[in-house]
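Peer 1: Show me how the following folds:
(one chain, ligands or ions: 1)
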Amino acid sequence: MSTTTTTTTTTTTSIIVALLAIVVGGGIVALISPSFWISHDGTTATNSFWMMDGSRQNNNDNDRWEVETIQYAHRFRKRAVAREEEEEEEEEEKEDDDDRTTNETMMITPLQDVVVLITGATSGIGKELALWMFSKGATVIAMGRSTTKLEQLKQQAENQLVVVNNNNNIERLDEEEEEVNRRIIPIVSDFTDLTSVANAVHTMKKKSQQQTMESSSSSDYDFPDHIDIVVCNAGIHLGLSTFWDPYQVTQQGYDLVFGVNYLSHFLLTELLLDKTTFLERSNYPRIVHVTSTFHFAVDGSDLQQQHTTTTTTPVVDSVHEQIKLDPPTASLPGGSHGFVVSRSQRQYANSKLAQILHARYYQRKYPNITSYTACPSWVGTQIIQAHQDSLEARIFRSMAFPANGYGLSSILRSMLVTDTTTTTTTTTTTATTDNNNNNNNGLKDDFFINNKLSMAGPMLDDMLTKHPWIRKLTYQWLPIRDAMMFCAAMVLLHWQRVAPSVEPSRSSKASYDPQLQDELYQWSRQAIQEWLD
Ligand SMILES: NC(=O)c1ccc[n+]([C@@H]2O[C@H](COP(=O)([O-])OP(=O)(O)OC[C@H]3O[C@@H](n4cnc5c(N)ncnc54)[C@H](OP(=O)(O)O)[C@@H]3O)[C@@H](O)[C@H]2O)c1
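Peer 2: As a prediction, the model looks like this:
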């Protein structure tokens, strides 16, 4: 009896000590972390930061990315809004200066008449992206699962206008409300259910058609007849919850993370292209996937066809008269067969890799649609699933990039960069890279990052995929790749502010594999067939 009591006491003490060590250790690491002290929005401890060359620079200079993004926005609009009068204007402007506008209004609202659809527009990155685009004059189709949150977004957009117009007459409030109603269009859709995604597209199509039929609709505001940019942003990461609830699924029974982050976006884009003319009617259509450097944590095998499972010979589906493909492991409840500790990491990474494969497939299938991917590095949002005011969440936010600032930089760049060249912006140097150049061993640089440290991803990937047996050893037999990626992500969190840099980079080798792209596309197309018919 006394032995049992002693063992229990020892175990309890060990757990308390371990927990204390994690809390104290985490606190110390946070305090010595450069990201804790170096600010990107001027709201934390210091107002200046260390440059790569060792000098210190005032934080205001850091807003340069935003100024440059506005210039990109202006150039993007020139391509997207090629109405006749605009073309005339353009001709005149070209004579003055190709890249700069003398028109002050254009600099305040450089995205006027540009239409952007953002998924997950009610929190974190998506919400701030929606507000940024709105503040620059764009019309935002905001997709979210909560009507209340969509209303809150509209309210915030309205407040933004009030702030902008603070020195003007308060009587303009009615116009502001009208402006918000016209330029923020809420669309409700729950990405755990493919039917809900299909219904959302159907609603948009109906609204647009009604618009055309009754050109002067009395109550409704104009619904756009085209979309210039689709941003696939909605996303989840199950974090520690996979320990107690590893097999969460969507309405259709797919792995929850795979379903929300990838398959719903796949259906959305396919429907937009198959069933509507929204993208077709844009002069400069673009699809951007908000993905993650974390996709380097997986090697692509979970997204392959499972040739070794039940189906050895392809089955012909008599209804659709096509080959019935086996689901990739990543789509099944629980995702990768991998190790329990790294389950949520693999689920998330597989969904992010699937998004990149999807984008690359589109690059081949729809050369007239620009298809890019971007990683915002660590951004202080709800993605870590911690309670907003918990200590964990506060420490994380203090080190991560802000969602209403630099955390949007790589996504905005991928949304607005015009196709021939992309400027690499660091706080220290500016270099120009031809985006069509195939760098990094012939692999295209079209995955936008905002941090030089993210470039360790391709190096890690090269190392772990050098030989098939290394690949197997580090991913299938032992969780080496998972551990290395977890550590790399932690280093990135603590050091990312030291090397801010918005540029296109290389994604993992698997993401360039045309066979994997084709297989995943074909299976996904089969999985969503019901909503296409
Ligand atoms: N934060 C980072 O450090 C980081 C790093 C790399 C990549 N990313 C990517 O950035 C994207 C945005 O993430 P975030 O950091 O802004 O996270 P977040 O604050 O949690 O926002 C996620 C968004 O997705 C929406 N969403 C979640 N489940 C949904 C569902 N079932 N149906 C419809 N919408 C749903 C959320 O809606 P509600 O508002 O209703 O919750 C929210 O608007 C994600 O794709 C994520 O993978 C984030």
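
Peer 1: From now on I want contacts and neighbour counts done on CA atoms only, so please keep to that.
Peer 2: Will do.

Peer 1: Now do the same contact list for the nearest residue to residue 304 once chain neighbours are set aside.
Peer 2: Using C-alpha to C-alpha, 6 or more residues apart in numbering and skipping residues adjacent in sequence, the residue nearest residue 304 is residue 328, 5.6 Å away. When the contact criterion is C-alpha atoms under 8 Å, 6 or more residues apart in numbering, the partners of residue 328 are 302-306, 520.

Peer 1: Tell me which of the residues you listed has the lowest pLDDT.
Peer 2: Looking at pLDDT alone, these dip lowest at residue 306, where the score is 70.

Peer 1: coming back round to it: among the contacts of residue 328, which ones lie close to the ligand?
Peer 2: Contacts with the ligand are made by none of these, judged by C-alpha under 6 Å from any ligand atom.

Peer 1: Put together a markdown table for the residues you listed, with distance to residue 296 on each row.
Peer 2: Shown next, in a markdown table, are the contacts of residue 328 (distance: C-alpha to C-alpha, whole Å):
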| residue | distance to residue 296 |
| --- | --- |
| 302 | 13 |
| 303 | 14 |
| 304 | 16 |
| 305 | 20 |
| 306 | 21 |
| 520 | 18 |
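
Peer 1: Now render these as CSV, adding secondary structure, distance to residue 124 and neighbour count.
Peer 2: Written out in CSV, the entries for the contacts of residue 328 read as follows (DSSP: H, G, I helix; E, B strand; the rest coil; distance: C-alpha to C-alpha, whole Å; neighbours: other C-alpha atoms under 10 Å):
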residue, secondary structure, distance to residue 124, neighbour count
302, helix, 29, 22
303, helix, 28, 26
304, coil, 32, 19
305, coil, 34, 17
306, coil, 36, 16
520, helix, 29, 22
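
Peer 1: Nearest to residue 282 among those residues?
Peer 2: residue 520 (27.2 Å; C-alpha to C-alpha).

Peer 1: could you measure that closest one against the ligand, distance?
Peer 2: From residue 520 across to the ligand, the span is 19 Å (C-alpha to the nearest ligand atom, to the nearest Å).

Peer 1: Spell out which residues of the stretch 351-500 of the chain are next to the ligand.
Peer 2: Residues of the stretch 351-500 of the chain lying close to the ligand (C-alpha under 6 Å from any ligand atom) are 375-383.

Peer 1: Just want the phi and psi numbers for the residue nearest to residue 304.
Peer 2: Backbone geometry at residue 328, expressed as degrees, to the nearest 10, gives phi -70, psi 150.

Peer 1: where does the stretch 351-500 of the chain dip in pLDDT?
Peer 2: Low-confidence regions of the stretch 351-500 of the chain, defined here as pLDDT under 70, cover residues 385-388, 419-442.

Peer 1: in it, which spans are strands?
Peer 2: Taking DSSP state E, counting those that start in this stretch as the criterion, the stretch 351-500 of the chain contains strands spanning 370-374, 421-426, 430-434, 438-439, 443-444, 447-451, 500-505.

Peer 1: Show me the shaky parts of the stretch 201-350 of the chain.
Peer 2: For the stretch 201-350 of the chain, counting by pLDDT under 70, the residues that fall below are 212-221, 307-323.

Peer 1: residues from it in reach of the ligand?
Peer 2: Proximity of the stretch 201-350 of the chain to the ligand is confined to 233-236, 260, 290-292 under the rule C-alpha under 6 Å from any ligand atom.

Peer 1: Which one (most neighbours) among these?
Peer 2: With neighbours defined as other C-alpha atoms under 10 Å, the most crowded of these is residue 291; it has 30 neighbours.

Peer 1: Helices of the stretch 201-350 of the chain, start to end?
Peer 2: Secondary structure of the stretch 201-350 of the chain (DSSP state H, counting those that start in this stretch): helices located at 256-257, 264-274, 343-365.

Peer 1: Get me the contact residues on the stretch 1-150 of the chain for the ligand.
Peer 2: Contact residues (C-alpha under 6 Å from any ligand atom) of the stretch 1-150 of the chain with the ligand: 120-126, 144-146.

Peer 1: same thing but at 8 Å, please
Peer 2: For the stretch 1-150 of the chain, the contact set with the ligand under C-alpha under 8 Å from any ligand atom comprises 119-127, 143-146, 149.

Peer 1: Narrow these to those in helices?
Peer 2: 124-127, 149 (DSSP state H).

Peer 1: Max pairwise distance over those residues: which two?
Peer 2: Using C-alpha to C-alpha, the pair of those lying farthest apart is 125 and 149, separated by 14.1 Å.

Peer 1: the more surrounded of those two?
Peer 2: Remark: of residue 125 and residue 149, residue 125 carries more neighbours, 27 against 16, as counted by other C-alpha under 10 Å.

Peer 1: Can you tell me the closest non-neighbouring residue to the more buried one?
Peer 2: Spatial nearest neighbour of residue 125, excluding adjacent residues (C-alpha to C-alpha, 6+ apart): residue 403 at 5.4 Å.

Peer 1: Spit out the contact partners of the one you found.
Peer 2: So residue 403 contacts 124-125, 128, 379-381 (C-alpha under 8 Å, 6+ apart).

Peer 1: And residue 493, by the same measure?
Peer 2: Applying C-alpha under 8 Å, 6+ apart, one finds that residue 493 lies in contact with 35, 377-378, 399-400.

Peer 1: what do you get if the cut-off is 6 Å, keeping everything else the same?
Peer 2: With contacts defined as C-alpha atoms under 6 Å, 6 or more residues apart in numbering, residue 493 is in contact with residue 378.

Peer 1: so how far is residue 411 from it?
Peer 2: Computed with C-alpha to C-alpha, to the nearest Å, the distance linking residue 493 and residue 411 is 18 Å.

Peer 1: cool, residue 258 as well?
Peer 2: Counting by C-alpha to C-alpha, the gap from residue 258 to residue 411 is 21 Å.

Peer 1: okay, the residues of the stretch 1-150 of the chain next to the ligand in TSV with pLDDT next?
Peer 2: As requested, these are exported to TSV (pLDDT from 0 to 100):
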residue	pLDDT
119	98
120	97
121	97
122	97
123	95
124	94
125	96
126	97
127	97
143	98
144	97
145	97
146	96
149	97
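
Peer 1: what's the farthest-apart pair in the residues you listed?
Peer 2: Taking C-alpha to C-alpha as the measure, those reach their widest spread between 125 and 146, a distance of 16.1 Å.

Peer 1: Looking at the contacts of residue 403, state which has the most neighbours.
Peer 2: Highest neighbour count within the contacts of residue 403: residue 125, with 27 neighbours (other C-alpha under 10 Å).

Peer 1: Pull up the gap between that residue and residue 233, please.
Peer 2: In this structure, residue 125 lies at 8 Å from residue 233, with C-alpha to C-alpha as the measure.

Peer 1: How about residue 114?
Peer 2: The value you get for residue 114 to residue 233, if C-alpha to C-alpha is used, is 18 Å.

Peer 1: got it, and residue 507?
Peer 2: As judged by C-alpha to C-alpha, residue 507 and residue 233 stand 18 Å apart.

Peer 1: Would you indicate which residues of the helix or strand where residue 157 lies are buried?
Peer 2: The secondary structure element spanning residue 157 is helix 147-164 (assigned by DSSP states H and E). Buried residues in helix 147-164, defined by neighbour count with 16 or more other C-alpha atoms under 10 Å: 149-150, 153-154, 157-162.

Peer 1: Using pLDDT, spot the least trustworthy of those.
Peer 2: For the buried residues of helix 147-164, the weakest pLDDT value sits at residue 162, with 61.

Peer 1: Counting neighbours, what do you get for residue 11?
Peer 2: A count of neighbours around residue 11, defined by other C-alpha under 10 Å, yields 12.

Peer 1: SS state for it?
Peer 2: Three-state call for residue 11 (DSSP: H, G, I helix; E, B strand; the rest coil): helix.

Peer 1: what about it, distance to residue 17?
Peer 2: Distance, residue 11 to residue 17, using C-alpha to C-alpha: 10 Å.
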